[in-house]
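> structure for the following, please:
(4 chains)
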Amino acid sequence: MKPSRRLLMLMSILAAFTLIAAACGNDNSSTSSSSLDSSLGLVTVKSGEDIQIRSLEAITGDVAFLGIPNERATTMAIADYGQIKGHSVSMGTGLDDLCSADGGQAAAQTIVADENVVGVIGTSCSGAATAAAPLVSEAGMVMISGSNTSPALTSDLKGNAGANWVPGYYRTAHNDLFQGKAAATFAYDKLGVRKAAAIHDGDPYTEGLATAFKDAFEKLGGTITTFVAVNKGDTDMVPVLTEVASGSPDLIFFPIFEPEGDFIVQQVGGVAGLEKVTLMAADGLLNDNFLAIPETAGMYFSGPDTRYGDNTNQATGKNANEFLVAYKDAYGEVPSAPFWAHSYDATTLLLEAIKNSSSDDNGTLTISRAGVRSYLYGVKNFSGLIGTLSCDQFGDCGSQKITVIQNTDPTDIAASKANVVFEFAPS
Amino acid sequence: MSDTAPPKDLFDQDWRRIVRLGAITGLSLIFVALIGMLVQLDTRLIIRRYLSLGYLTIIWIPVVAGYLVSKEVVLEGVTPNRKGPSDVLAGALTGLVGGAGLSLLVVLIDNFDIRDPLINWSPQLLDQLTFAKGIGFGVVIWLVIGAGLGLFGSLSHVVPPLASRAVNTALFTIVSVSILETAITDLLQGFGLSFVTDVVYAKRGALTLTSALVLGAVVMAITVAASGRGRELRVRYDALDAPRRKTANLGLWAAGVMVLLVLPLFLGKIMNELLANVGLFVLLALGLNIVVGLAGILDLGYVAFFAVGGYTTAVLTSPNSPWISPQLPFVVVIFVVIIAAAFVGLAVGAPVIRMRGDYLAIVTLGFGEIVRLLFLSDWLSPYFGGAQGITNIPPVDLGFAEVKGSDPRSVFYLVLFFCAIAIYVSWRLQSSRLGRAWMAIREDEKVAEAMGINTVTAKLAAFVVGAILASFSGAVFAAKVGSIFPSSFLILVSIIILVVVIVGGMGNIIGVIVGAVVLIGVLGGPKQPGLLQELGTYKLLIYGALLVFMMLKRPEGLIPSARRSHELHQEEFLQDAWLRGEVDHDAEAGEGDAAT
Amino acid sequence: MSPVLSIHDLTITFGGLDALSKLNFHVDEGEIVGVIGPNGAGKTTFFNAITNLVPPTSGDIRFAGESIVGLDPYHVTELGVARTFQNVRLFPNMTILENVMVAQHCRTHQHAFGALLQTKAFRREEREIRERAIEVLSFFGTRLIGYRLDQPAFVLSYANRRRLEIARAMATQPRVLLLDEPVAGMNPKESAELTALIGRLRSEWGFTIVMIEHDMGVVRDVSDRVVVLDHGETIAQGSFDEVSNDPHVIEAYLGRPVEGAS
Amino acid sequence: MTAVRVGSARRVSWVDRFLTGLRIVLIALIAAGLVAFVAQQISVDNPFARWRNPDATGLTGDQLKGLVVTGIAQGSMYGLIALGYSMVYGVLGFINFAHGEVFMLGAMSGFVASNKLSANGYWESNFFGSFVIVVVIAILVSTAAAVIMERVAYRPLRDSPRLIPLITSIGVSFFIQNAVLGLLGPNSHSYPQLPEWLAKSRSILTFEIPGTKVMVMVVAALSMAVLWWVVERTKTGKAMRAVAEDKEIAALMGINVDRTIVLTFAIGGAMAGIGGILWGLSFRSVTHLTGFLPGIKAFTAAVVGGVGNLGGAMAGGVSLGAAESLGPQLILEPLGVSGVSQLRDAVAFTALVVVLLFKPSGLFGERLSEDDRT
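From the prediction side, this is the model:
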């Protein structure tokens, strides 16, 4: 069996960083093990052993387009970060959350069975986190997701914990409520729309976002004429669009995925009463394949601010452009979803937390689980690829910056993606 | 056995057969390579540095082809040739033709780029096919490997049966031990024997060549030493008189139950989680076995009852339930679940029960989808939470213990309890008035009705019993996961349970249990990882292929039911008796009859 | 004495063709009636109509004075009419014993709960079902008894399948037994044996028997009365000798080639 | 023989009562929904319109027409697939569950072919020529798939109980679906754009119909006509009908039963291939899952129309398409159900149950051989 080239490359990167770290020779182990908070237990990493963290993403099935870049970003962040106090960090084999509660639980079980694991990066899907986070939390570990957005996992942004909030759960992705509010504000204030319709596809993510949009839009004073769902696998969208048309809205917000999104834009023009309607989608459709469809010209897309550009992650010193080059080199393609940056930042946050809540005793590293948590809850103004991260008491750490872009030209996708027409950041 | 013709001449070959089988082999190899198994499963090692699961998925094909090519259809009146070198040559040639398929693929990938539709037409595949040693090497090596594997496959005709059995058992054991790495490590760790696994698996990372060889040698030795013992045991078992056999059976059962009760204590979380998931599917499969296996009703919407059990539990126990939230204890809820499942079973069953079997299949499939869509719909989301499901389902408080998802061992015991109920129910009903009525309906519905059976009520009863067992599984599932979403109840679940029942053997309780343990345990459920979680997307492909294979080759299932093996034994007896002229001459009358 | 089974003006139409037209028929308690007729005369349809596997287009069927038209087949059996099938239809994957046990379904009452709780009543009834099944099987001598009880029905020889089918019908405890070509496919020795058994079915078990048969020897030996069907109509009836000399009957049989057992 | 029982003296069991009740409830619901819908159309303010759904808005005439057109177009494609189901069911008496995958293979091979043509610019420069090539390729692939399927999976099972081949076909379906997933990947694949002259909407009888849908309906009608001619007027067709009626007697009559059955599969496959192309051209995106739901719907359509009955299959397809596109808006919405489009599949399956409750042999009656009816 030939050794995987990928692994070889990573190993050499790792080795390079080890050398650099050794050359710098900057030992900052100021804490001693006796001063660590052991209330949730301690993890001991003996000399020569690796610090264990795990990745739990949807790497097979419909949502693999989201999970695979997340997992790869975690791998790359670990390599970029280098050693922690003389110990390498190991991610093990990437685990699969199957984008479902049952899959998330089974995988979480594998993680918590290993008492050396400090934290988990993931999950991809909020539904998986609902079942996985309690197990991880109970085991004293932490879980940081780069792409969960459900408000139930953190808070309603008004200081009330979500139904599924557990301590030890964090995320760098935005909270749906922000995106819903951003999209609604844009539609109401910028476009002057007063009547809108929302379409979701029965996925917890799209349903949650559509609901957030609906609530925010109605709060602003607008009317939601129709709130409706398509089914995954539907192709003929005329009936659902007719249902939407019967309320004669000025804008349709459909934060769904491909291929159902394709069918909607292609068929909307043929439905009586929707000839002039404004279309708006969210990050689920913000990909090159969809943007290239001619009918998407003029459409709006809300999503996380993906102008990562020169944003530099303070822990690794890498910026997003460098990351993308390295990604392309390693995997031969560009990431298929934008949450890689969130996962990268999530990983560096975890590694920083480990570094800052551990003590080194002659090569044996002791990590305080409680320390990792309190470090993460205390993160303020951490500079990451996605912008500035600060964690609140419910684990929302994202930059929460939402932008709306307009697709001006389906033949020039890069220009469209840069065409930001609205920015929304929480006050 | 003794009357065979002398072996064929070396070059007296059935060339058409060789080319045909070789071509099929080659196409299968290309297919496996192009669906990406070779590349994607390369990370899962079987023998470290020497064999990965990826390569394993292709090398077995020429072996089987080599075996098949000289396996003749036994025709009456034609004396088969003794096997000899010509058969080995046929095997090698078939393998060669098959291997040529991969050689061709190497050349094609090197010269054409059709990665556009075929996503696995990639440099990695080429690398892997040529072992990164250049195109020429790749072309030649597959001819050699193909011929070698084909030859190996055909050898089993020539070498003594015991040797061939020993080798096969050894290979099977090596692969199984490697696949079961997680399970075995976990188990041995529980017994404090981690050092054994450290040696065998070289600290978790597949068997080493040494350990594989040692294991193979040991297994071969055991096979040879124990040759004939199994049959002897079987014969001794069959020779027992009824009460003694009953005692023996009871002993076996008791031992099995003891193992199941004690084993989880020594297992870690991962294995207990796996066992709990397997248990949920055993429960579902036992329920479907009553409907499909006993009563012969093909219900493709079986998942609906699983969903009903889950949602009833969720609504009645979760504080987050959007509609009513009485937060009843599980012990009370389970009775409501029974009533709800029975009610839904009747409501779904009544309209379909008089339909033809295949119409019933498609209509129940429709019902399964309707149930899922209703739970998912925005219309009923004020009651069932729609896409957001129902979360925060509390653990099961049994008074003396708490069953919760983070403690899979407790879940396993709860599942075991329900499985025991399901087994008891299946077993008792099978040999009751109702069970006999079900079997009669399965065999011939019209005649069953003419023999005084009210088929409508009997079939409804099967529907309801199956529904209740499925709803138990749903209830435990809800409590285990702690949240419930409509996406857990796709048609796929019904189909996978059906595969489990078919592979295990319809109407055969033990078979169904074994089927569930093997399939769900190794391949995994629709959303549950099995021991081979690397299979990921290929899981369903394998389920589909397995279903077709079983239907074509072994419709009675993996484990022949006790009755069948018993009956074979009796047939032998009949034959012998007939030869000795002790039995009447019915057999003759039967043979001449075409109308049967 | 009023007939136990009587049929008035029974007509059955399949896609415009009359399988039975205005058929009248009756059987008295304790009688053995042979029904004969050329192939396609409607004999099996006639049985199917009585057991309600095929709905009559018009006419009436009365069992013990009450109309049974439109009842479900199982209900007809419950009232006391049992049958065998021309092309033996056993439950092949059930054991011989089970085949006979299952036929007592409508005479027994225990439900699922009895089986689950293993109540006394359940166990008693199971025992009775079993004993009765063995009793019925013993009627055929040693052929269906002993080690064979636990064998699946499909291993049986053809003759034994016929016997088992009769045993199964007997187990429903009928008043009227409808036998559809009971000796078809048997050799002369076997059919002679079975003919004797049919006589005993009446004398020992008290069944009234209606029998479709092609084997004239058997018909002659056991029938009190013979009914001849052709084109769905009764063309003659009476004692075997009367009927066999009836010109209509001779015409019906000679008009087309007479076929033996299927 | 399952169907009718004249029941003067028949005991009415609780199951019968339940079914009668169910029939009444279903009819009442459908009637109530329709009445409320008509009331909405007359005026949204009248009490019937507001009865269950106070936010009722009604539909404009154009919207209603749009629903009818899309329903019929969708239904024509169901019909094309249903023909294959219906023919196989008529001849062999089992549901070839994998027929939907044959359809998907047609759509998928059409995608590959059209994309290659488009990459060479031939699609744009000579649309008609490309179209013919694509159709031929799709028909070849799906016909071959159907024939191989018959040979490998179904022929050995011809004499087994009818549920056995049905279960096998479920396995075949999963196998093909996931094989395509492995070969071509999980992403949705897009057909190239249709030329403007074909895609643009046309006004026919005041109906504004998109060009693709005109094409779908025309091609479906043509295929249906050709098929009808083949089955009713040619020797092959006669052989097929004879085999459907009774295999043994057909064989005695000198008909090659095996060949006729293969031919049945081939014709069904060809129809599915045409359906696949139409699907691909009108919706433009195909995935490995494209065949699954349409396949099930098409079988539903075949049952609704009456299995074994070719006209019935087409009519069943169109009725089912119309039911699922109109049903939610015309019946559920006026009854105050929210988010009705999500329940479209539920409506389709309910339609099947309703039809079977009232006419167990489908709207236009089954044509099955004697032993299939029992």
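
> got the phi and psi for residue 146?
In the absence of a named chain, this looks at chain A. With angles defined as degrees, to the nearest 10, A:G146 sits at phi -90, psi -10.

> looking at chain D here, not the other one
Residue torsions, per degrees, to the nearest 10, at D:A146 are phi -60, psi -40.

> so it sits against D:F103, correct?
No: counting by Cβ atoms under 8 Å, D:A146 stays clear of D:F103, with 10.0 Å between them. All C-beta spots, glycine's among them, are computed from the backbone N, C-alpha and C.

> give me the more crowded residue out of these two.
D:F103 (34 against 31; other Cβ atoms under 10 Å in any protein chain shown).

> for that one, pull up the helix or strand it's in.
For D:F103, the host element (DSSP states H and E) is helix D:99-119.

> common neighbours of D:A146 and D:F103, please.
Counting by Cβ atoms under 8 Å, 6 or more residues apart in numbering or on different chains, the common neighbours of D:A146 and D:F103 are D:G84, D:A272.

> before we move on, back to that, in the helix holding D:F103, what's buried?
Using 16 or more other Cβ atoms under 10 Å in any protein chain shown as the test for burial, helix D:99-119 gives D:99-117.

> same thing with stretch C:60-70?
C:I61, C:R62, C:F63, C:A64, C:I68, C:V69, C:G70.

> name the nearest residue to residue 91, ignoring sequence neighbours.
This is for chain A. A:S55 (5.4 Å; Cβ to Cβ, 6 or more residues apart in numbering or on different chains).

> should've been chain B
B:S154 (2.3 Å).

> distance check, that neighbour against chain A.
Relative to chain A, B:S154 is positioned 27 Å away (Cβ to the nearest Cβ, to the nearest Å).

> what does the model give residue 34 for pLDDT?
As the question left the chain open, I've gone with chain A. pLDDT for A:S34: 58.

> please go with chain B instead
pLDDT, B:L34: 91.

> how many residues are close by it?
21.

> what about the strand or helix carrying C:A192 and chain B, touching?
Secondary structure from DSSP H and E places C:A192 in helix C:188-205. Yes: part of helix C:188-205 sits near chain B under the criterion Cβ under 8 Å from any Cβ of the partner chain, namely C:E190.

> residues making contact with the following helix or strand past that helix?
Downstream of helix C:188-205, the first helix or strand assigned by DSSP H and E is strand C:208-212. By Cβ under 8 Å, 6+ apart, the surrounding residues in contact with strand C:208-212 are C:4-5, C:27-36, C:43-44, C:46-47, C:86, C:175-182, C:198, C:201-202, C:219, C:222-223.

> filter those down to the buried ones.
Using 16+ other Cβ under 10 Å as the threshold, C:4-5, C:27, C:31-36, C:43-44, C:46-47, C:86, C:175-182, C:198, C:201-202, C:219, C:222-223 are the buried ones among those.

> now, these that are in strands?
Taking DSSP state E as the definition of strands, those contribute C:L5, C:V27, C:I32, C:V33, C:G34, C:V35, C:I36, C:V176, C:L177, C:L178, C:L179, C:D180.

> what pairs with whichever residue of the stretch 151-262 of chain C sits closest to chain A across the strands?
At 40.6 Å from chain A, C:P152 is the closest residue in the stretch 151-262 of chain C, using Cβ to the nearest Cβ. Under DSSP bridges, the beta-bridge partners of C:P152 are C:T95.

> in this structure it contacts C:N99, no?
No: between C:P152 and C:N99 there is no contact under Cβ under 8 Å: 9.2 Å.

> name the helix or strand for the residue in the stretch 1-150 of chain D positioned nearest to chain A, please.
Using Cβ to the nearest Cβ, the single residue of the stretch 1-150 of chain D nearest to chain A is D:D62, 3.3 Å away. Applying DSSP H and E as the criterion places D:D62 in helix D:61-92.

> and for A:T225?
Using DSSP H and E, A:T225 falls in strand A:223-229.

> and the pLDDT for the nearest residue to C:T13 once chain neighbours are set aside?
Once flanking residues are discounted, C:T13 sits nearest to C:T57: 4.6 Å by Cβ to Cβ, 6+ apart. With respect to pLDDT, C:T57 scores 84.

> separation between C:T57 and D:G237?
Distance from C:T57 to D:G237, counting by Cβ to Cβ, to the nearest Å: 32 Å.

> mind listing the helices for chain A?
A:5-24, A:64-81, A:101-113, A:126-138, A:176-185, A:204-220, A:238-245, A:260-268, A:288-291, A:320-331, A:340-356, A:369-377, A:413-418 (DSSP state H).

> nearest to A:F424, of these?
helix A:176-185 (3.6 Å; Cβ to Cβ).

> I figured A:V372 hits A:V117, correct?
No: with contact defined as Cβ under 8 Å, A:V372 and A:V117 do not form a contacting pair (11.5 Å).

> in the helix or strand where B:V107 lies, what's buried?
Per DSSP H and E, B:V107 falls inside helix B:85-111. Neighbour-count burial for helix B:85-111 flags B:86-103, B:105-106, B:109-110 (criterion: 16+ other Cβ under 10 Å).

> show me what contacts the spatially closest residue to C:H109 that is not a sequence neighbour?
Beyond its immediate neighbours in the sequence, the residue positioned closest to C:H109 (Cβ to Cβ, 6+ apart) is C:E125, lying 7.3 Å away. If you count contacts by Cβ under 8 Å, 6+ apart, C:E125 has them with B:R433, C:T108, C:H109, C:Q110, C:G114.

> kindly recompute the last result at 10 Å.
The neighbours of C:E125, taking Cβ atoms under 10 Å, 6 or more residues apart in numbering or on different chains as the test, are B:S432, B:R433, C:Q104, C:R107, C:T108, C:H109, C:Q110, C:G114, C:A115, C:T119.
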